[in-house]
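Chemist: what's the 3D shape of this:
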Amino acid sequence: MVNANDRGSQSDQHESPQPASVTATTAAASVADAAGASTGAGATNASASATAASTSPAMPLTPRKRLKKLDNFSLNTKLVSIIIVLLTIGTIGITVSLRQLLSNYLLDKTDSQLLQQSELVFKNTDMMNSDLNSHNGLTTYYVESYNKLDNTSTVQLQPVYKGGVVSQPEIPADGGTDGHKLGQPWTAKAKVMMQNPVSQPDHATLKMAEAPWRVVAMRWMNKTSSGALQDVGVVYIALSLSSQIDMVDTLTKFCVLVGIAVVLLGGVVSALAVQRTLDPIKRIEKKAALIAAGDLTQRIAYAPTNTEIGSLSRSLNIMLMKVERAFIQQQQTTEKMKRFVSDASHELRTPLAAIHGYAELYMMQRNMPDAIERADMAIDHIEKSSSRMTVLVEDLLSLARLDEGRGISVDGQVKLSSVLHDSLDDLHALDPERKVSTGLLELGPVTEDGQLPQIVEQREDLPDMTITGDQNRLRQVITNIVGNIHRYTPSDSPVEFALGTIGLDMSPKELVKLPNEPASVAKVMEAAAQYRNDHLGVPYVFVRISDHGPGVPEELQPKIFERFYTADPSRARQKGGTGLGMAIAYSVVQAHSGFITAQTTPGGGLTFLIILPVSQTFREENAEDIMI
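Modeler: A predicted model of the protein is given here:
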């Protein structure tokens, strides 16, 4: 359908005022419909006004509240709805654009055709005005001339449709142009008339006849007998726009059908695509529900990391791994704390119970004949129990300070060889019959089968070696180890003290995080081999103290450094141990950014290996990471 706004008004295309000569059936029906619509509209408005008056006005929803209601819909529904709306808007926009483009093109083509025909008519007005040729020409054109000399209008040519339906454009009767210039086409309404008023035209014919016309007015000039041109009047030439409107309507219907198909197909495809795209998010949602229920072992399925889902899955899996690890560590810490409190309560209860028991025993036996001897025995037991409780309390306080990062200063200079010599002399004084030897630790050669090198010991005096650290605390570490050797090994079993410097391709930050297990020693040896190849890394002091006593089973060796752990609690209590010595030693070595472990001595016994960085600067750079 041609848009008449380009050349005239919109109403010009659809309104068809009926003259008196036109059959009144269509006009009457139109008037009746208009009257009915007007009455219905009036009744509806009246009803709506009455209803509005009888009810209280509702508060309008603000844009924010309207948008808030959209939050109730799922993401799937929102995305599919947005896609459908965009497809609908796109198809409507394309349809309107094609319709407008075709309308303009056809209108311009009609104007060009009309102007070309008008020139032909202008040049042949005499022939067209003759009686012989009055009805010759193309029946799709309408030609009317106005003679201003005698004020008469003559229809030169008009099309007649099926059923005797005649359509004419509304042209001014006085030879005017409705404000348009001569030679400038304009759109005029159609007047429909019936040659046979009895017949009833079909809808298609009537619709074609009611189509507007494109009219152009040309000056009508005639030659006089003298050969001069005389202005006779105006010739109107018009071309019906029915075919153009039909073509535009056909295109519109086609675009509407195609648009509906595109929207429906796009909605289905987008629903499937969005559902498939959001499937990983739904899986993440299900995993999150399981995690929220307490199952921290759940992990999100792998997806390529170059996608948003893959990146999100990787980040969430890393977070879940850290959360699970932190939760496990928290559980382990809680269990250790419970066990520590329980063991501490038990260990403190034992000497307190002994003190209380012997005090009651003294009160009961003080009136007996041998009261003095019995009192001395009770006081002796009370003194031993109080001394053990004092040592236990001091160890607990020491551990508490180390846990808080207090009670230790690693800025001093420690001559480690002197500390070992002092402990060696103490052990010799406690067990004169024990054989004690010293040696130098070195990194052994690589074996032919490609295995990692081992630490070898050369029998010689301890080398002079100074490191930075807390001398009193490091002396406490060695003293605790020597005290365990004295208490739990035969007095005639040999002991070896060895000291040496070995470089590692491993920072103190990495070393202090190694767990107390055999695999950590293998990592240390691998770092030592790497340091020997590229000479890049950190120098460390290795201290090894080996005994040949009963030893500790390998499965129990990692527990040696746990608080209050003793392989034989009754024996430890008899020997005066508190079960905190190795825990203190472990905390002190950790505070020095070091590593300590226990291994089985070749041939039987237990070996303690201590690794400490020589320089303090590395620990200062990682102070936050190595804080206990």
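
Chemist: what helix or strand is Val341 on?
Modeler: Element membership for Val341, per DSSP states H and E: helix 308-365.

Chemist: what packs against that helix?
Modeler: Applying 3 or more CB pairs under 8 Å, 6 or more residues apart in numbering; DSSP states H and E, one finds that helix 308-365 contacts helix 242-292, helix 371-403. All C-beta atoms are positioned from the backbone trio N, CA, C, and that covers glycine.

Chemist: and these: which comes nearest Ile485?
Modeler: helix 371-403 (18.1 Å; CB to CB).

Chemist: redo the helices and strands packed on helix 308-365 as TSV? Include mean pLDDT.
Modeler: TSV is the format used below for those (pLDDT from 0 to 100):
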stretch	mean pLDDT
helix 242-292	90
helix 371-403	76
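
Chemist: nearest the middle, which residue of this structure would you pick?
Modeler: Leu312 (5.1 Å; CA atoms, centre = their mean).

Chemist: got the contact list for it?
Modeler: Contacts for Leu312 (CB atoms under 8 Å, 6 or more residues apart in numbering) come out as Ile284.

Chemist: ok, it to Leu79 distance?
Modeler: As judged by CB to CB, to the nearest Å, Leu312 and Leu79 stand 17 Å apart.

Chemist: who touches Pro518 in this structure?
Modeler: Residues near Pro518 by CB under 8 Å, 6+ apart: Gln599.

Chemist: I should have written Arg314 there, sorry.
Modeler: Counting by CB under 8 Å, 6+ apart, Arg314 touches Thr305.

Chemist: that's a strand at Ser145, yeah?
Modeler: Yes. Secondary structure of Ser145 (DSSP: H, G, I helix; E, B strand; the rest coil): part of a strand.

Chemist: all helices for the stretch 501-628 of the chain, in order.
Modeler: Read by DSSP state H, counting those that start in this stretch, the stretch 501-628 of the chain holds these helices, from start to end of the chain: 508-512, 518-534, 569-574, 581-591, 617-621, 623-626.

Chemist: rank these by pLDDT, which is bottom?
Modeler: Note on the helices of the stretch 501-628 of the chain: lowest mean pLDDT is at helix 623-626, with a mean of 40.

Chemist: what's Ile584 in contact with, if anything?
Modeler: Neighbours of Ile584 in contact, by CB under 8 Å, 6+ apart: Asp395, Ser398, Leu399, Leu402, Gln476, Val477, Asn480.

Chemist: before we move on, what about Leu296?
Modeler: By CB under 8 Å, 6+ apart, the residues touching Leu296 are Leu320, Val323, Glu324, Phe327.

Chemist: and Gly605, what is it in contact with?
Modeler: Contacts for Gly605 (CB under 8 Å, 6+ apart) come out as Thr489, Ser493, Ser546, Asp547, His548, Gly549, Pro550, Gly551.

Chemist: separation between the second one and Leu424?
Modeler: What it means is Ser493. Between Ser493 and Leu424 the computed distance is 15 Å (CB to CB).

Chemist: how far off centre is the helix holding Val341?
Modeler: 38 Å (CA atoms, centre = their mean, to the nearest Å).

Chemist: I'd say Val614 and Tyr540 touch.
Modeler: Yes. Using CB atoms under 8 Å, Val614 is in contact with Tyr540, at 6.5 Å.

Chemist: tell me how far stretch 229-240 is from the chain's mean position?
Modeler: Relative to its chain's centre, stretch 229-240 lies at 75 Å (CA atoms, centre = their mean).

Chemist: try stretch 591-610
Modeler: The chain centre lies 48 Å from the centre of stretch 591-610; the measure is CA atoms, centre = their mean.

Chemist: and stretch 358-369, by the same measure?
Modeler: Computed by CA atoms, centre = their mean, the chain-centroid distance of stretch 358-369 equals 77 Å.

Chemist: now stretch 77-92
Modeler: That offset, for stretch 77-92, works out to 24 Å (CA atoms, centre = their mean).

Chemist: same question, stretch 439-452
Modeler: In terms of CA atoms, centre = their mean, the centre of stretch 439-452 is found 51 Å from the chain centre.

Chemist: now the terminal residues of it, how far apart.
Modeler: Terminal residues of stretch 439-452 are spaced 22 Å apart (CA to CA, to the nearest Å).

Chemist: rounded mean pLDDT for it, please.
Modeler: Stretch 439-452 comes out with an average pLDDT of 81.

Chemist: how much space between Leu229 and Arg219?
Modeler: Using CB to CB, we find Leu229 at a distance of 10 Å from Arg219.

Chemist: looking at the two, which is more packed in?
Modeler: The neighbour count for Leu229 versus Arg219, taken as other CB atoms under 10 Å, is higher for Arg219 (13 against 10).

Chemist: any chance of the contacts of Leu296 in TSV, plus distance to Gln244 and pLDDT?
Modeler: Formatted as TSV, the contacts of Leu296 follow (distance: CB to CB, whole Å; pLDDT from 0 to 100):
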residue	distance to Gln244	pLDDT
Leu320	68	87
Val323	72	89
Glu324	74	87
Phe327	77	87
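
Chemist: closest to Thr297 among those residues?
Modeler: Nearest to Thr297 among the contacts of Leu296 is Glu324, at 6.8 Å by CB to CB.

Chemist: what are the bridge partners for Gly439, then?
Modeler: Arg459, Ala498 (DSSP bridges).

Chemist: wait, it sits on Pro463?
Modeler: No. The criterion here is CB under 8 Å, and Gly439 misses it with Pro463 at 9.8 Å.
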